[in-house]
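K.L.:
3D model of this:
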Amino acid sequence: MLARLCPLAALLVLTSCAAAVPGYTPPSFKEKSKFGTALQSGEVGSDGRYQLSKDEKAMDCRRMTGSMQITIARLRDADTRGQPSALASASQKAAAPIFSGSTVGADRQADYARERAKLAAYNRQLADKNCKTVDIEAELARKPESRKY
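P.N.:
As a prediction, the model looks like this:
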């Protein structure tokens, strides 16, 4: 009986000590990190040119180049995938309004055109900031790197 009560008593003592640490206040989780928010995306105009948002214009050269590399990798990966069937595309477009879904990705050609316009706009922005530009055509022509898993 005593063997059962000793660990329980020790646990109660340790718990009370932990609760009475002077000067301890738990951290506030209400602070927003600047890295935790997504950038506002720009828009493609009627002329097919991508208009950068305020957030995108404020990006530095390194971050913009990194964003371009990620977009290029996505476009290269999309080229290696097969086209979805017409039935799959039609069912996605039809079901989206019914179930409050999204039609993003249903029209691959429109998505590709938007991403290419975005890359061109980013390249223009890099040139305006006197940063090193990216050769988009050469990067897209490269084969995707093999997966390492």
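K.L.:
Point out where this protein drops to low pLDDT.
P.N.:
Low-confidence segments of the chain (pLDDT under 70): 2, 16-22, 31-36, 102-106, 144, 147, 149.
K.L.:
Going along the chain, name the helices of it.
P.N.:
Per DSSP state H, the chain has helices spanning 2-19, 54-57, 61-80, 86-98, 108-128, 136-141. These are given in chain order.
K.L.:
highest average neighbour count across those helices?
P.N.:
Across these, averaging neighbours per residue (mean count of other Cβ atoms under 10 Å) puts helix 108-128 on top, at a mean of 16. (Each C-beta comes from the backbone N, C-alpha and C, glycine too.)
K.L.:
Against A110, how distant is the most centrally placed residue in the chain?
P.N.:
For the chain, A38 is the residue whose C-alpha lies nearest the centre (Cα atoms, centre = their mean; 7.2 Å). Distance of A38 to A110, computed by Cβ to Cβ, to the nearest Å: 21 Å.
K.L.:
Likewise for L119?
P.N.:
Per Cβ to Cβ, L119 is found 15 Å from A110.
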